[in-house]
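A.B. asks: Requesting a structural model of the entry that follows:
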Amino acid sequence: MSRDWYGSSTLLWGGTIRQIADKFTAAGLDGVELWTEQFRFSGFRINAVKEVLMDAGLGLTLHAPSWDLNICSLNEGIREQSLAEIERSVALVADLGAEDVTIHPGRITVNERWTEWHLEKMQHSLDRLERIAIREGVPLSVEMMEDRDRELVTGPETMNRLVRHRSPFVTVTVDTAHVPFSRSPFIEMNALCRVGKLHVSDATANRFHVPLGKGKIDVKPAIRAAAERKIIRVIEGFDYLGESGMLKENVEYLKKNGLFGMEEIMHEIPGDE
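C.D. replies: Numbers count the residues shown, from 1 in each chain. The predicted model follows:
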């Protein structure tokens, strides 16, 4: 299975799994990152997803629920329910035969005075999720978040603190749109101890996950580095039924900049004799 370009299923929110597979195959993608919220909201069925993606020759990764959840919440009930939702996603990955699952870290409930308390709870939550991941044989990838109020894990130092000591079942997802304009996604990747996936989209001063080339993020060096390391790159965005053409716009940008099908190009370049 090629580990080149995947697309987030949210690029076709409201579509059937068949529509997603057809759209992604036509765009030349190698796989789907299926959002669990979309899987459940749209009433997808495990056997249907497996059959459709197998017929299309598409790989599969999963994105665990993140909306309304907080795995290090001050409120124990919310924290426990958030963990339970992610645990259900780990089981879903195993049932689907997906490659891995990306999860969001928790957030600060009140203010920065609680940072260390939340980090301790995050460690405990990741301990629990890691044990389940190892038992189920499902790799977890913890996503680094955007630098804004109450986000807890926004830079390599904090992320490394959370994952450096863990098993190979725990890696990091870098999201290019989450990196501040003052920093570089490429530098962030190199500062992290273990990167397992790259989410790719652009950002403006007031909006995340806009089409590539429409924002201020230089994604090209990070994409090239991910290709060299054979890390899955996932095109991100939200597009109801594909009405705005976001997927097409992103793929056109990648092709124009020589960033699409890079693994095939690298494979054709002979090494030194």
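
A.B. asks: where does the chain have low pLDDT?
C.D. replies: Within the chain, the segments meeting pLDDT under 70 span 1-3, 262-273.

A.B. asks: Show me the strands in it, by range?
C.D. replies: Here the chain has its strands, by DSSP state E, at 5-8, 31-35, 59-63, 101-103, 140-143, 170-175, 195-200, 202-203, 208-210, 232-235.

A.B. asks: Dump the ones you listed into CSV; add distance to residue 221 as well.
C.D. replies: Bear in mind the C-beta positions are built from the backbone N, C-alpha and C, glycine included. Formatted as CSV, the strands of the chain follow (distance: least, Cβ to Cβ, whole Å):
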stretch, distance to residue 221
strand 5-8, 17
strand 31-35, 22
strand 59-63, 23
strand 101-103, 22
strand 140-143, 20
strand 170-175, 12
strand 195-200, 11
strand 202-203, 14
strand 208-210, 19
strand 232-235, 13
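
A.B. asks: want to throw the ones you listed into a markdown table with mean neighbour count and distance to residue 224?
C.D. replies: Listed next are those as a markdown table, based on neighbours: other Cβ atoms under 10 Å; distance: least, Cβ to Cβ, whole Å:
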| stretch | mean neighbour count | distance to residue 224 |
| --- | --- | --- |
| strand 5-8 | 27 | 13 |
| strand 31-35 | 26 | 20 |
| strand 59-63 | 23 | 21 |
| strand 101-103 | 27 | 21 |
| strand 140-143 | 24 | 20 |
| strand 170-175 | 24 | 14 |
| strand 195-200 | 25 | 11 |
| strand 202-203 | 22 | 16 |
| strand 208-210 | 20 | 21 |
| strand 232-235 | 24 | 10 |
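
A.B. asks: Would you map the helices across the stretch 1-150 of the chain?
C.D. replies: Along the stretch 1-150 of the chain, the stretches classed as helices by DSSP state H, counting those that start in this stretch are 17-26, 36-41, 46-56, 76-96, 115-136.

A.B. asks: To residue 18, which of the strands of the chain lies closest?
C.D. replies: Proximity to residue 18 (Cβ to Cβ) singles out strand 31-35 among these, at 11.7 Å.

A.B. asks: can you tell me which residues contact residue 97?
C.D. replies: Going by Cβ atoms under 8 Å, 6 or more residues apart in numbering, residue 97 touches 50, 60.

A.B. asks: i'd like the first residue to be 389 from this point on
C.D. replies: New numbering, starting at 389: the last item is residue 485.

A.B. asks: Can you tell me how far it is from residue 553?
C.D. replies: To residue 553, residue 485 is 29 Å away according to Cβ to Cβ, to the nearest Å.

A.B. asks: so where do the helices sit in the stretch 539-661 of the chain?
C.D. replies: Counting by DSSP H, counting those that start in this stretch, the helices of the stretch 539-661 of the chain are 544-551, 573-579, 608-616, 634-644, 650-656.

A.B. asks: Out of those, flag the one nearest residue 595.
C.D. replies: Closest approach to residue 595 among the helices of the stretch 539-661 of the chain (Cβ to Cβ): helix 634-644, 12.7 Å.

A.B. asks: Next, the angle strand 583-588 makes with that closest one.
C.D. replies: 110 degrees (axes from the mean of the first three to the mean of the last three Cα atoms, to 10 degrees).

A.B. asks: For helix 634-644, name the packing helices and strands.
C.D. replies: Secondary-structure packing of helix 634-644 (3 or more Cβ pairs under 8 Å, 6 or more residues apart in numbering; DSSP states H and E): strand 620-623.

A.B. asks: How far does the strand it packs on sit from its chain's centre?
C.D. replies: 8 Å (Cα atoms, centre = their mean, to the nearest Å).

A.B. asks: How about residues contacting it?
C.D. replies: Residues outside strand 620-623 that contact it (Cβ under 8 Å, 6+ apart): 391-396, 399, 417, 419, 421, 447, 449, 487, 584-589, 611, 614-615, 635, 638-639, 642.

A.B. asks: Partner strands of that strand and their direction?
C.D. replies: strand 393-396 (parallel), strand 583-588 (parallel) (DSSP bridges).

A.B. asks: among the ones you listed, which is nearest residue 471?
C.D. replies: From the strands paired with strand 620-623, taking Cβ to Cβ, the stretch that ends up closest is strand 583-588, at 20.6 Å.

A.B. asks: I appreciate the help and will end here.
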